[in-house]
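Student: dropping the sequence and predicted coords here.
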Number of protein chains: 10
Amino acid sequence: MEPFISKRDAAEHIRIARHRAGISWAQIAEQLGVAKEWSTAALLGSHALSAQQANLVKELLDLDDAVAEALQMQPYRGPLSEDVLTDPTIYRFQEAVMVYGPTIKELIHEEFGDGIMSAINFQLNVARRTDPEGDRVVVTFDGKFLDYKW
Amino acid sequence: MEPFISKRDAAEHIRIARHRAGISWAQIAEQLGVAKEWSTAALLGSHALSAQQANLVKELLDLDDAVAEALQMQPYRGPLSEDVLTDPTIYRFQEAVMVYGPTIKELIHEEFGDGIMSAINFQLNVARRTDPEGDRVVVTFDGKFLDYKW
Amino acid sequence: MEPFISKRDAAEHIRIARHRAGISWAQIAEQLGVAKEWSTAALLGSHALSAQQANLVKELLDLDDAVAEALQMQPYRGPLSEDVLTDPTIYRFQEAVMVYGPTIKELIHEEFGDGIMSAINFQLNVARRTDPEGDRVVVTFDGKFLDYKW
Amino acid sequence: MEPFISKRDAAEHIRIARHRAGISWAQIAEQLGVAKEWSTAALLGSHALSAQQANLVKELLDLDDAVAEALQMQPYRGPLSEDVLTDPTIYRFQEAVMVYGPTIKELIHEEFGDGIMSAINFQLNVARRTDPEGDRVVVTFDGKFLDYKW
Amino acid sequence: MEPFISKRDAAEHIRIARHRAGISWAQIAEQLGVAKEWSTAALLGSHALSAQQANLVKELLDLDDAVAEALQMQPYRGPLSEDVLTDPTIYRFQEAVMVYGPTIKELIHEEFGDGIMSAINFQLNVARRTDPEGDRVVVTFDGKFLDYKW
Amino acid sequence: MEPFISKRDAAEHIRIARHRAGISWAQIAEQLGVAKEWSTAALLGSHALSAQQANLVKELLDLDDAVAEALQMQPYRGPLSEDVLTDPTIYRFQEAVMVYGPTIKELIHEEFGDGIMSAINFQLNVARRTDPEGDRVVVTFDGKFLDYKW
Amino acid sequence: MEPFISKRDAAEHIRIARHRAGISWAQIAEQLGVAKEWSTAALLGSHALSAQQANLVKELLDLDDAVAEALQMQPYRGPLSEDVLTDPTIYRFQEAVMVYGPTIKELIHEEFGDGIMSAINFQLNVARRTDPEGDRVVVTFDGKFLDYKW
Amino acid sequence: MEPFISKRDAAEHIRIARHRAGISWAQIAEQLGVAKEWSTAALLGSHALSAQQANLVKELLDLDDAVAEALQMQPYRGPLSEDVLTDPTIYRFQEAVMVYGPTIKELIHEEFGDGIMSAINFQLNVARRTDPEGDRVVVTFDGKFLDYKW
Amino acid sequence: MEPFISKRDAAEHIRIARHRAGISWAQIAEQLGVAKEWSTAALLGSHALSAQQANLVKELLDLDDAVAEALQMQPYRGPLSEDVLTDPTIYRFQEAVMVYGPTIKELIHEEFGDGIMSAINFQLNVARRTDPEGDRVVVTFDGKFLDYKW
Amino acid sequence: MEPFISKRDAAEHIRIARHRAGISWAQIAEQLGVAKEWSTAALLGSHALSAQQANLVKELLDLDDAVAEALQMQPYRGPLSEDVLTDPTIYRFQEAVMVYGPTIKELIHEEFGDGIMSAINFQLNVARRTDPEGDRVVVTFDGKFLDYKW
């Protein structure tokens, strides 16, 4: 059998290869014609690319065949290790969910009734908002409301 | 010494009292003249109210003195139990951070350099966006960018 | 403020009260005119009853007012303790998910593409199937397919 | 000694090899003449294949001898990592067991008395049910009832 | 509603009451006409007594009505805390399972094929075997073999 | 230095080599002239073999020198991973200890006084007991009683 | 026996009583004639007060006798719960130890050789440093170097 | 693709290479013209070096290209394993945070109001203070105060 | 039924009562005519006192009947919480076992062969050794060697 | 760069090499002229050897250069895995600390006041004490008392 690598290892290859190639995540997204949030998530292992998309990325970043193949495999989305969750940049989002989780829950129920925001029919946006007191990171979680429905 | 209760127990009192009084979280916020996200978080124990705000809530929801006092105490913001984090409405945000955490991290670094979104100089917004295919929950995390600065 | 109890404590009251009253879960469901799976879940704290439903149950099981009120509160669905998950009757389902989880995942993706079975737009059925070699428990998880959709 | 690989690594080989061969799980099952749920579970490491079955799969997917041998080894069924359990597609089943576990338990006891559904004398079915509001995933757990019997 | 107590608290009552009454576990079993292993497990919360058995124990140990009622409730068998598992007398059994678990597994598979020993259709025996070098504790786990059967 | 392997890896080699050689655990025990429970535990890493025993096994199973050497090393008996403990065949023993642990403890204390069953001066037996309703697995834990003795 | 309370509960009493009395931690320290870091730690349960100090605090904050007694008991210093460690104000110190722990270790070894900073022969200082870009929190850990010495 | 290594593995290379080269952390810092705390943290993986800095270190310590490249990658700052946190030299800082965490929190709030010390706009100092009773390790955490600001 | 308390709560009563009575642990041991290590362990819940011993302690410390009764109950020795294990005075022993555990293991095996030091047939000694550089705590663990013996 | 190995891997090499060389831990200590407890701990990774000591051991045990180098590196003392702590020979020490920890704490405080036994200015002794009823393992923990001193 031909050699292969896991999606998790592929993500490591891609981070290095992008650094070497000096191409931004946004430029890759532009080449693929998709949102930068989606393509970055896909390249880091959370979505599957089509064969065509994978080949385009392979060219751009000078990747091995096995990496391009891994990008097309159906993802296991769970495997973000505990360790990664303590990275300060990611942890602040965890902290916000811990501190404001019940608030979000109460306000969703008040506005929509009993149910949840989908994390599947979902999109993410990461943006800069300029502010004289220091620019701000604005991250939007936008998911379809799903009501508990027997 | 007079009896007292913890902020966590106060939050339980308030959830029931609000249900009994038939007042919405948004109406309480309006009475207090603040964002509904802030006041709900405060009433659930994540921010301290001023004495005046606490008394206003006490009147509105017919609370005991000890509850009104608890609302003014400096919060410990950590104590959201593991159990609460598995509530499906809250868990979907955890899941989004697990699935998209590295994506958010890469895009913040690409846009701003090395640093984080503050979860302190921070505000939250929970809103509805109507959509013909089903309305959407839009939750925005908006925090000041802080760069690693020695 | 009037005394109140948590939904978790209310569930304990209800288990005992049902035992004392000698009424089956199915009979309660019949009185409420809903599926026995839904009403049992609601009485154990995973769904909210309407005021009318809560009063009907209060009569049937001779409950205190605080219990009837707790049944109407919006649930936190997470708080099923680790301890409960090791009960042999519940653990077998955990074990089945551990042993067959990746199988279920592959077959869902093969049939539907990338996505999940909703646990919100979802219903449960617990039934007996007679079998000469010993009757069988048949538990059906029936949830809407949700595809990853950006 | 000849080289060998673990069942867990064999499962990774098979996922990739199936992708390369462009054969569905259902087609493999058909070739083996067994239920697709059983064969998929076996190929992912939860059941042992006979030598004949293993060879047939080896041909179909162009596998190494060591992989075919691993498929015949007696499985350790536990090693599904915590990480995998947080994959959204699998987690929804975990969540359903957490939210509805006590309900399932009460209804099994009401129908059958004290005991459990076997996870050994057990079969799984994963199916599509068409529905105008969106097709549904229907997963059935069907196990023999075992009563506590001293 | 009448007061009630949990099975776990009932077990604490019974341990003290038995100590006060100066009656052995074996004598209670004899009064109930069952194996001492079964009745001790039942009194500590792992099996349900019939109403008649519960009343007999109530008389013997001078228990409150709520305790006798708790003994008749369907048990949740999971809630043995981590703490209890570290008691040296119980831990030695944990240790034996940790050290010899794979051995037991291999020998069961060699003798019976793929399957398990039931912990439901199961009985336990705790006995003394006299030995000139010091008497021995002999604990027997005796459960029906269940084969993996699709 | 010559290459070497760990006892844990040696156990993996031996499981495969035994499968290839088509020799049973009982036959290996017979060749070694010891109980099958002891030799299986030793080959899986829980006891040390003598040099003579290790060589005999090396011949029987066609093992590498490094494996035969690993079998003679003093074991670390702890390293049975969490994952292995969830294998259904092993987990049933865990479950029995969780469900009946306090029962075993009370009955040991009633029969012997304060103390424990040794897991060191200990032997294990795994046997089949035929039964018209289905054969039974009978596992006996037989250890010297040790009393708390200052 | 007279009623008593734990040091942990005493700490809760003191936080509320201080809030009611409107006295600062620094003022209490001044009354006791000790560093504010030491007295605050003592009042929150990490050091024992003398009887004289405890009585002085009892007067200042209008405490019950049981609280004053608890302040004199030898502390168990461990019981800071996981929950408290996730409070953002405390977590930042955890994070700094996680991110810079190996750096601190290397630099201590380079400067002092193999050993540790004592956390027992230790003092803490919390101070403000004014800064035109925003004032800074300066926390100093000052402990005796202890070298590994056989 | 060219081979690469992770920042974590790079840190291991650097610890050994520094030992072989006989150069101190402080000398490396001097060469780079930065604080020794910053450069040590960077070399151990907590900050990114510029290409120029990385090359200078590569020369000094005779490193491979892949190591020099890893030093320039954006860090994941979380991955300090549990194991490392139990090293006695690092654990004493953990212990100080556990024992004095609430004290630090109260004093920060008293001095600055509700908020935190930043761990991002932050600097660390590790120094020796001579003392006749034994020299002392003085570690200073110096971070900008951030107030909760909606 | 008469009221009763757990051994764990009894230990809390005794710590306070001893403080109030101003009697040392050593004096209690002397009154009981046993080693101070044994009686302290017994009073904190790790051994059972005889009725006579319990009454003597009850007189000495002015305890309630329920406390004296709890002291006579058979202990569960496990329930020392995680929190207690992080108390610095106790943690240093944990740390010593973590750092030197494999050393102790190798030296026991070298001196005695394969086996363990019993923690049941065991005694503890805590003593002071005067030393001009500062007195030393000397804690001796003295247990019978038990060899692995089938 | 030259190849290198970690101290943890070096410890594995040494255990095997010592077995092959047929030299006891005590003999190695004698060659080094140090206590057997210190040298064994050092060879297993808990202390650093000098270059001279490392070379002497390299000769004695026929080790690779990388192993000899690893022995000289500053240790991280934390990395004793959970698995190792469950080895029965090591676990008995854990158990003794769990069962007798509070006793040791109370007796240290009674004898010395508030403080700890140092685990740094510390030495260990492992010895045999002959006894007609079976020889005993005597392990002594001997550390300097450190009082809480601000």
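Tutor: Perfect, thanks for sending it.

Student: ranges for the helices of chain A?
Tutor: Ranges of helices within chain A are A:7-21, A:25-32, A:36-43, A:51-61, A:65-72, A:82-85, A:88-112, based on DSSP state H.

Student: would you turn those into TSV with mean neighbour count, mean pLDDT and distance to E:Val97?
Tutor: The C-beta positions use only the backbone N, C-alpha and C, and glycine is treated the same way. Conversion of the helices of chain A to TSV gives the following (neighbours: other CB atoms under 10 Å in any protein chain shown; pLDDT from 0 to 100; distance: least, CB to CB, whole Å):
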stretch	mean neighbour count	mean pLDDT	distance to E:Val97
helix A:7-21	19	95	33
helix A:25-32	17	98	49
helix A:36-43	25	97	42
helix A:51-61	17	98	47
helix A:65-72	21	97	39
helix A:82-85	16	76	27
helix A:88-112	23	95	36
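
Student: quick one: closest of those helices to B:Asp9.
Tutor: helix A:88-112 (14.1 Å; CB to CB).

Student: and the closest one with helix G:88-112, angle?
Tutor: In terms of direction (axes from the mean of the first three to the mean of the last three CA atoms, to 10 degrees), helix A:88-112 departs from helix G:88-112 by 170 degrees.

Student: from the chain's centroid, how far away is helix A:88-112?
Tutor: If you compare the mean C-alpha spot of helix A:88-112 with that of the full chain, they lie 19 Å apart, counting by CA atoms, centre = their mean, to the nearest Å.

Student: do any residues in that helix lie close to chain H?
Tutor: Yes: counting by CB under 8 Å from any CB of the partner chain, chain H is contacted by helix A:88-112 at A:Pro88, A:Thr89, A:Ile90, A:Tyr91.

Student: picking that back up, now the helices of chain A in TSV, with distance to chain J?
Tutor: As requested, those are exported to TSV (distance: least, CB to the nearest CB, whole Å):
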stretch	distance to chain J
helix A:7-21	19
helix A:25-32	32
helix A:36-43	30
helix A:51-61	27
helix A:65-72	26
helix A:82-85	14
helix A:88-112	22
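
Student: can you tell which of these is closest to chain F?
Tutor: Closest approach to chain F among the helices of chain A is made by helix A:82-85 (14.4 Å; CB to the nearest CB).

Student: show me what contacts the residue nearest the centre of chain A?
Tutor: Chain A has A:Ala41 as the residue nearest its centroid, 3.0 Å off, counting by CA atoms, centre = their mean. By CB atoms under 8 Å, 6 or more residues apart in numbering or on different chains, the residues touching A:Ala41 are A:His47, A:Leu124, B:Val99, B:Tyr100, B:Thr103.

Student: and which of these is nearest to chain E?
Tutor: Within the contacts of A:Ala41, distances to chain E taken as CB to the nearest CB reach their minimum at B:Val99, with 30.3 Å.

Student: related to what we said a few turns ago, and the nearest residue to the residue nearest to the centre of chain A once chain neighbours are set aside, what does it touch?
Tutor: With CB to CB, 6 or more residues apart in numbering or on different chains as the criterion, A:Ala41 has its nearest non-adjacent residue at 4.3 Å, and that residue is B:Thr103. In this structure, B:Thr103 makes contact with A:Glu37, A:Thr40, A:Ala41, A:Leu44, A:Ser46, A:Leu124, A:Val126, judged by CB under 8 Å, 6+ apart.

Student: A:Thr89 too?
Tutor: Under the criterion of CB under 8 Å, 6+ apart, the contact partners of A:Thr89 comprise B:Ile104, B:Lys105, B:Ile108, B:His109, B:Gly115, B:Ile116, B:Met117, H:Arg77.

Student: domains for chain A, by residue range?
Tutor: When chain A is parsed into structural domains using automatic domain parsing, the resulting residue ranges are A:7-72, A:82-147.

Student: how about CSV for those domains, with distance to J:Val139 added?
Tutor: Formatted as CSV, the entries for those read as follows, by distance: least, CB to CB, whole Å:
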stretch, distance to J:Val139
domain A:7-72, 44
domain A:82-147, 35
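
Student: get me the contact residues on chain A for chain H.
Tutor: On the criterion CB under 8 Å from any CB, chain H has as its neighbours in chain A the residues A:12-13, A:15-17, A:19-20, A:62-64, A:67, A:81, A:83-91.

Student: recalculate using a threshold of 6 Å.
Tutor: Remark: the part of chain A in contact with chain H comprises A:Ile16, A:Asp64, A:Asp83, A:Val84, A:Thr86, A:Asp87, A:Pro88, using CB under 6 Å from any CB of the partner chain.

Student: same list, the residues you listed, but as JSON lines with distance to chain D please.
Tutor: Conversion of the residues of chain A next to chain H to JSON lines gives the following (distance: CB to the nearest CB, whole Å):
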{"residue": "A:Ile16", "distance to chain D": "22"}
{"residue": "A:Asp64", "distance to chain D": "14"}
{"residue": "A:Asp83", "distance to chain D": "12"}
{"residue": "A:Val84", "distance to chain D": "11"}
{"residue": "A:Thr86", "distance to chain D": "15"}
{"residue": "A:Asp87", "distance to chain D": "17"}
{"residue": "A:Pro88", "distance to chain D": "22"}
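
Student: and the two most separated of those?
Tutor: For those, the farthest-apart pair by CB to CB is A:Asp64 and A:Pro88; their separation is 32.1 Å.

Student: buried residues, stretch A:133-141. List them.
Tutor: A:Arg136, A:Val137, A:Val138, A:Val139, A:Thr140, A:Phe141 (16 or more other CB atoms under 10 Å in any protein chain shown).

Student: of these, closest to chain E?
Tutor: The nearest member of these to chain E, counting by CB to the nearest CB, is A:Phe141 at 34.9 Å.

Student: can you tell me how far the closest one is from chain I?
Tutor: Between A:Phe141 and chain I the distance, using CB to the nearest CB, to the nearest Å, works out to 34 Å.

Student: what residues are up against that residue?
Tutor: Taking CB atoms under 6 Å, 6 or more residues apart in numbering or on different chains, we find A:Phe141 in contact with B:Ala96, B:Val139.

Student: okay but A:Ile5 is in contact with A:Leu71, surely?
Tutor: No: taking CB atoms under 6 Å as the definition, A:Ile5 is not a contact partner of A:Leu71, at 10.4 Å.

Student: which other helices and strands does the strand ranked longest in chain A contact?
Tutor: Residue-count comparison of every strand in chain A, with assignments taken from DSSP state E, identifies strand A:115-129 as the longest. Under the contact definition 3 or more CB pairs under 6 Å, 6 or more residues apart in numbering or on different chains; DSSP states H and E, strand A:115-129 sits against strand A:136-147, helix B:88-112.

Student: what's the closest of these to C:Gln27?
Tutor: Proximity to C:Gln27 (CB to CB) singles out strand A:136-147 among the helices and strands packed on strand A:115-129, at 28.1 Å.
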